[in-house]
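Q: just a sequence and a predicted model for now, questions to come.
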Amino acid sequence: MFLAFLLLILWPIAELYVIVRVAEAIGVILTIVLLIAAWPLGSWAMRSVGRAVWRRFNAAIAEGRPPGREVLDGALVLLGGGLLIVPGFISDALGLLLLFPLTRAPIQALLVRNFQHGLVVRAGGFGRGSGGAQRGDDVEGTASEVDPPQIRP
């Protein structure tokens, strides 16, 4: 929680610092033009790259395989486009990293590895000491069907 609060405070300060340094280097007018130009670029990127991700998502569904990678791709593209829309050069750089497939792939692999290790393993009950499948629960052998009650008119 403290880290998120610290990030919320430090991010705008870092963005302002970079904007001032860029304005000193290339001029105020060109800096403002660059900041404004990133907004339509982010909107366009979310649409065009998002369409490609949506096609891959539909292809995965049609093939009958889980679309987990495609969903994560779509989320990263949305995040990248959103970061381009937010004014600032740091957010623009991060947004561009998330939009290009070559740089999005390592980020995606890192997220998948962290999710599998930290979230899915614990939530699924397959981690050390968590019980889950290690307790020997037998859902199949103890379940029974019950007919729903009939309502008379």
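A: Thanks, I have the structure now.

Q: ok, and for stretch 43-60, which residues are buried?
A: Residues of stretch 43-60 classed as buried: 45, 46, 49, 50, 53, 57, 60 (neighbour count, 16 or more other CB atoms under 10 Å). To be clear about C-beta, it is placed using only N, CA and C from the backbone, and glycine gets the same treatment.

Q: for residue 56, give me its contacts.
A: By CB atoms under 8 Å, 6 or more residues apart in numbering, the contact set of residue 56 is 70, 73.

Q: do you know how far it is from residue 84?
A: In this view, residue 56 and residue 84 are 21 Å apart by CB to CB, to the nearest Å.

Q: equivalent analysis for residue 52, please.
A: Counting by CB to CB - residue 52 and residue 84 are separated by 17 Å.

Q: where's residue 112, which helix or strand?
A: Element membership of residue 112, judged by DSSP states H and E, is helix 101-114.

Q: ugh, wrong one, I meant residue 69
A: Applying DSSP H and E, one finds residue 69 within helix 68-85.

Q: tell me the helix or strand right after that helix.
A: helix 89-99.

Q: what residues are up against residue 87?
A: 15, 35, 38, 39.

Q: looking at these, which is nearest residue 105?
A: Closest approach between those and residue 105, by CB to CB: residue 38, at 23.0 Å.

Q: quick one on the thing from earlier: and the helix holding residue 112, what does it pack onto?
A: In terms of contacts (3 or more CB pairs under 8 Å, 6 or more residues apart in numbering; DSSP states H and E), helix 101-114 is packed against helix 68-85, helix 89-99.

Q: point out where the protein drops to low pLDDT.
A: Low-confidence segments of the chain (pLDDT under 70): 116-144, 153.

Q: that older thread, what's the closest of the helices and strands packed on helix 101-114 to residue 110?
A: Residue 110 sits nearest to helix 68-85 of all the helices and strands packed on helix 101-114, at 11.0 Å, using CB to CB.

Q: buried ones in the closest one, by neighbour count?
A: By neighbour count on 16+ other CB under 10 Å, the buried set for helix 68-85 is 70, 72, 73, 74, 76, 77, 79, 80, 81, 83, 84, 85.

Q: save the helices and strands packed on helix 101-114 as CSV, and put in distance to residue 115 too.
A: Formatted as CSV, these follow (distance: least, CB to CB, whole Å):
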stretch, distance to residue 115
helix 68-85, 9
helix 89-99, 17
